[in-house]
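Novice: coordinates only, sequence not included:
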């Protein structure tokens with residue numbers, strides 16, 4: 001018997017139900033960053049046909065753990081930029097601007113993010129978290 005003070009049981013959301021919202025949010029962020037389709041394919045680690053299928057019908061996508069991890073890093077990068085650079089134009093242009101930090105070697109962070117490896121997204125997220133002085 002449940003007590004009156006027990007918290008409600010967590011609801012399980014099937015992974016398939018998350019594909020649409022995840023991809024729509026991801027595509028909105030990439031649009032704000034002015035990421036082109038080729039860069040987006042590299043950033044997501046998917047072939048052209050998969051990328052365009054997802055653009056057409058995000059709710060029908062089946063996202064791999066790799067894709068969900070990539071999305072999570074992009075969301076974290078976006079959040080960190082919004083905190084560090086409260087001006088939306090500055091935050092959204094940061095990925096495209098050359099950066100002298102050793103991690104980027106004068107190249108725009110987007111170059112590193114689009115290198116095709118999950119680790120590249122991870123290090124950009126880690127860098128921004130370190131600049132913020134926080135973990136998340």
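Specialist: Thanks, I have it. What you are looking at is a predicted structure, and each value in this text was computed from that prediction instead of being measured.
Novice: what sits up against the host helix or strand of residue 54?
Specialist: Using DSSP states H and E, residue 54 sits in helix 48-56. By Cβ atoms under 8 Å, 6 or more residues apart in numbering, the residues outside helix 48-56 that reach it are 23, 27, 37, 40-41, 44, 46, 60-61. (Glycine included, C-beta is placed from N, CA and C.)
Novice: and that helix, what's buried?
Specialist: Across helix 48-56, burial judged by 16 or more other Cβ atoms under 10 Å covers 51, 54.
Novice: before we move on, what about stretch 115-134?
Specialist: Using 16+ other Cβ under 10 Å as the test for burial, stretch 115-134 gives 120-129.
Novice: and which of those residues is nearest residue 103?
Specialist: Checking the buried residues of stretch 115-134 against residue 103 with Cβ to Cβ, the nearest one is residue 127 at 5.4 Å.
Novice: from the contact counts, what lies against the longest helix seen in the chain?
Specialist: Longest helix in the chain, counting residues (DSSP state H): helix 65-84. Packing partners of helix 65-84 (3 or more Cβ pairs under 8 Å, 6 or more residues apart in numbering; DSSP states H and E): helix 15-32, helix 37-44, helix 88-93, helix 118-132.
Novice: in the longest one, what's buried?
Specialist: If you call a residue buried by 16+ other Cβ under 10 Å, then helix 15-32 has these buried ones: 19, 22-23, 26-27, 29-30, 32.
Novice: how far off helix 48-56 does the longest helix of the chain point, in degrees?
Specialist: Relative orientation of helix 65-84 and helix 48-56, computed by axes from the mean of the first three to the mean of the last three Cα atoms, to 10 degrees: 60 degrees.
Novice: now do helix 65-84, average pLDDT.
Specialist: Averaged over helix 65-84, pLDDT sits at 95.
Novice: now do it against helix 37-44, angle only.
Specialist: Interaxial angle of helix 65-84 relative to helix 37-44 (the same axes, to 10 degrees): 110 degrees.
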